[in-house]
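>>> Okay, here's the prediction I keep looking at, along with the sequence it came from:
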Amino acid sequence: MSSTSLLDLLNFNENLEKRKDRARFIRRNVKYSADMDFVETPPEAVEALLSVERFEGDILEPCAGKGAISKILIAHGYNVISRDLVDRNNEKVEANKDYFASTEMFGNVITNPPYRKATQFAYHAIQHVYHKVAFLLRGTFLETPTRRDWLFENPELPTCFEKLYVFSERLPFGESNMIMYCWFLWNKQFHGNHPTIHWL
Ligand SMILES: C[S@@+](CC[C@H](N)C(=O)[O-])C[C@H]1O[C@@H](n2cnc3c(N)ncnc32)[C@H](O)[C@@H]1O
């Protein structure tokens, strides 16, 4: 075999592996979206938030899933209302509750919303709390002109994006730990112009 054809063969094998990886990636994501973006929050993510933030009053978990975030909040003594659009067989979570249909006010909202609609969830939550909104989201949530205009620099919303909590170690989330996650914290009692960055 000439050296050129050996190189071709190596390239072919490498491309085949890339195609297989891509197919696996797509299969995973199709399954993920078909299940309403369901992925459970690891307990250490919630413990880390509670080690640095106190919440006054009740807490709504509007996308509670099977209750991964709620149960840690309850264990810390908070009064938690847990809801979800989908019934995931947890009697402590009120099912068939579309958060966008709710105009109730709560003390705070803490959740890990479906990422594809996280901007809309944050926009809605900020308007329906007395105190704080804490969302566990990918670091890339800071990007895009839509989020800048809708959330971070929207003159119609209170300028209450107070803190960004960055995990110094990656969280084991879903099927990988390749993604940078942060707690985004909005606080209605914060009236500064810019958020500050903190490491967990
Ligand atoms: C990423 S999972 C988070 C589950 C849970 N918070 C946890 O951390 O384990 C997002 C959840 O949002 C729910 N969801 C999607 N759209 C919703 C809506 N409009 N109102 C309420 N829940 C919704 C999904 O059913 C899913 O359980």
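Yep, it's here. Numbering: from 1, shown residues only.
>>> near the ligand, which residues of this protein show up?
36-41, 62-65, 68-69, 84-86, 97-100, 111-114 (C-beta under 6 Å from any ligand atom). (C-beta placed from N, C-alpha, C; glycine too.)
>>> filter those to the buried ones?
37-38, 41, 62-65, 68-69, 84-85, 97, 99, 111-114 (16 or more other C-beta atoms under 10 Å).
>>> Those in helices, which ones?
A68, I69 (DSSP state H).
>>> Okay, and which of the buried ones among the residues of the chain next to the ligand map to strands?
Among these, the members found in strands (DSSP state E) are T111.
>>> Excluding sequence neighbours, find me the nearest residue to S168.
Setting aside the residues directly before and after it, S168 is nearest to W199 in space (C-beta to C-beta, 6 or more residues apart in numbering), at 4.9 Å.
>>> ok, how many other residues are close to the one you found?
9 (other C-beta atoms under 10 Å).
>>> ok, so what distance separates it from the ligand?
22 Å (C-beta to the nearest ligand atom, to the nearest Å).
>>> Who is that residue paired with across the strands?
V166 (DSSP bridges).
>>> tell me the pLDDT at it?
Note on W199: pLDDT of 97.
>>> OK, contacts around it?
Y165, V166, F167, S168 (C-beta atoms under 8 Å, 6 or more residues apart in numbering).
>>> Which of these sits closest to the ligand?
F167 (15.0 Å; C-beta to the nearest ligand atom).
>>> N96 reaches L85, doesn't it?
Yes: the pair N96 / L85 is scored as a contact, 6.8 Å apart, by C-beta atoms under 8 Å.
>>> where along the protein do the helices fall?
Using DSSP H, helices in the chain cover 3-34, 43-50, 68-75, 118-127, 145-147.
>>> which stretches of the chain aren't confidently modelled?
1-36 (pLDDT under 70).
>>> can you rerun that using 80?
The chain contains residues with pLDDT under 80 at 1-36, 173-177.
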